[in-house]
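1. Sharing a model that was predicted from the sequence below.
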Amino acid sequence: MHIVLLGPPGAGKGSLASLCHSRLGVPHLSTGEIFRREIARKSPLGRRVARYVTNGRLVPDALVVEVMASHLRQQPRRRGFVLDGFPRTRRQAEGLARVLERWGRPLDGAVYLTSPEDLLVRRLSGRRVCPRCGANYHLRTMRPKRLGLCDQCGTPLVTRKDDQPRTIRKRLAIDRKACKPLIDYYRKGKLLYRVNGAGYVGTVFVRMRKLFRRQGWLRRGRA
Ligand code: AP5
């Protein structure tokens with residue numbers, strides 16, 4: 001299965017991409033996670049993207065496409081991919097299409113998660129993340145088993161720098177502007193599929209999996 005997961009900040013892209021990996025065996029790549037990892041390592045790429053990511057602005061298109069092309073190249077072909085947070089603009093979508101065409105790996109679909117804005121704000125302001133392994137939690141809806149500690153590696157959870165109320169509003173505004181041309185691009189290419197992103201993450205995942213099955217994107221015998 002080759003899909004991109006689209007949706008505003010807080011739509012649940014990261015949480016659902018992780019479930020696609022753990023339950024369906026489809027590897028996922030998240031631009032946000034790649035950038036945050038590089039920032040933490042203080043690598044040359046991390047230094048280039050830090051000011052955009054911390055302030056909730058978009059990293060320039062050409063750089064994002066280059067970084068993702070290099071990560072995609074390292075993925076084993078037969079297992080497919082779920083891309084989370086990429087593409088985010090029409091230009092990035094065009095860049096991705098060129099890369100995939102070159103490799104003969106066309107996209108199956110662009111899955112757009114819809115959610116009301118007040119729900120997005122609630123999700124982002126209650127999010128806690130593991131700075132070590134990147135796992136995602138929520139103060140109310142996806143609590144860790146032990147208060148304040150990551151279930152997977154026991155590291156104390158933190159609030160992402162870009163989850164401050166002012167930055168959340170800015171990210172949502174930037175996304176509103178970039179999203180229409182992106183959605184139009186995939187709609188015109190007959191690749192757009194909308195999934196209702198409201199409700200618990202398990203419920204949304206079941207909706208998504210139904211779509212994958214209906215479209216025949218899952219390999220026989222999986223999930
Ligand atoms: P990125 O990390 O991709 O952030 P984002 O798109 O703003 O998305 P989020 O991670 O905030 O939300 P999400 O939809 O993944 O939701 P999540 O599952 O975490 O990017 C960060 C930054 O990097 C960008 O601002 C930009 O600077 C840069 N960047 C990245 N990609 C780029 C690109 N392509 N081009 C340019 N720049 C780029 O869920 C949120 C919370 O809600 C969690 O706490 C979760 O536990 C909870 N939750 C989720 N779903 C549910 C549910 N169904 N029920 C209950 N709780 C839920």
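-> Everything's here; your move. Keep in mind the model is a prediction, meaning the values are calculated, not measured.

2. Any regions of this structure where pLDDT drops low?
-> For the chain, residues meeting the criterion pLDDT under 70 lie at 219-223.

3. For stretch 129-145, list the C-alpha coordinates in CSV.
-> Taking Å, rounded to 0.1, in the frame of the first residue of the first chain, the C-alpha atoms of stretch 129-145 are listed here in CSV:
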residue,chain,number,x,y,z
VAL,A,129,5.2,13.1,23.5
CYS,A,130,8.2,11.0,24.3
PRO,A,131,11.4,12.9,23.5
ARG,A,132,13.3,9.6,23.1
CYS,A,133,11.1,7.4,20.9
GLY,A,134,8.6,9.9,19.6
ALA,A,135,5.5,8.0,20.9
ASN,A,136,2.4,10.2,21.2
TYR,A,137,-0.1,10.5,24.2
HIS,A,138,-2.9,12.7,25.3
LEU,A,139,-3.7,13.9,28.8
ARG,A,140,-7.3,12.7,28.5
THR,A,141,-7.8,10.5,25.5
MET,A,142,-4.6,8.5,25.1
ARG,A,143,-3.1,8.3,28.6
PRO,A,144,0.1,6.4,29.2
LYS,A,145,-0.1,3.5,31.6
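
4. Show me what counts as buried in it.
-> 129-130, 134-138, 142, 144 (16 or more other CB atoms under 10 Å). For every residue, glycine as well, the C-beta is placed using N, CA and C.

5. same thing with stretch 79-93?
-> Quick answer for stretch 79-93 (16+ other CB under 10 Å): 80-93.

6. rewinding a little: output the buried residues of stretch 129-145 as TSV; include the columns secondary structure.
-> Formatted as TSV, the buried residues of stretch 129-145 follow (DSSP: H, G, I helix; E, B strand; the rest coil):
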residue	secondary structure
129	strand
130	coil
134	coil
135	coil
136	strand
137	strand
138	strand
142	strand
144	coil
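
7. Now do the helices in this protein.
-> 13-24, 31-41, 44-55, 61-73, 90-103, 117-125, 165-188, 201-215 (DSSP state H).

8. Nearest to the ligand among those would be which one?
-> Closest approach to the ligand among the helices of the chain (CB to the nearest ligand atom): helix 31-41, 1.8 Å.

9. Not counting the closest one itself, show me its contacts.
-> Contacting residues not belonging to helix 31-41 are listed as 14, 45-47, 49-50, 53-54, 59, 64, 67-68, 71, 83-86, 88, 131, 134, 160 [CB atoms under 8 Å, 6 or more residues apart in numbering].
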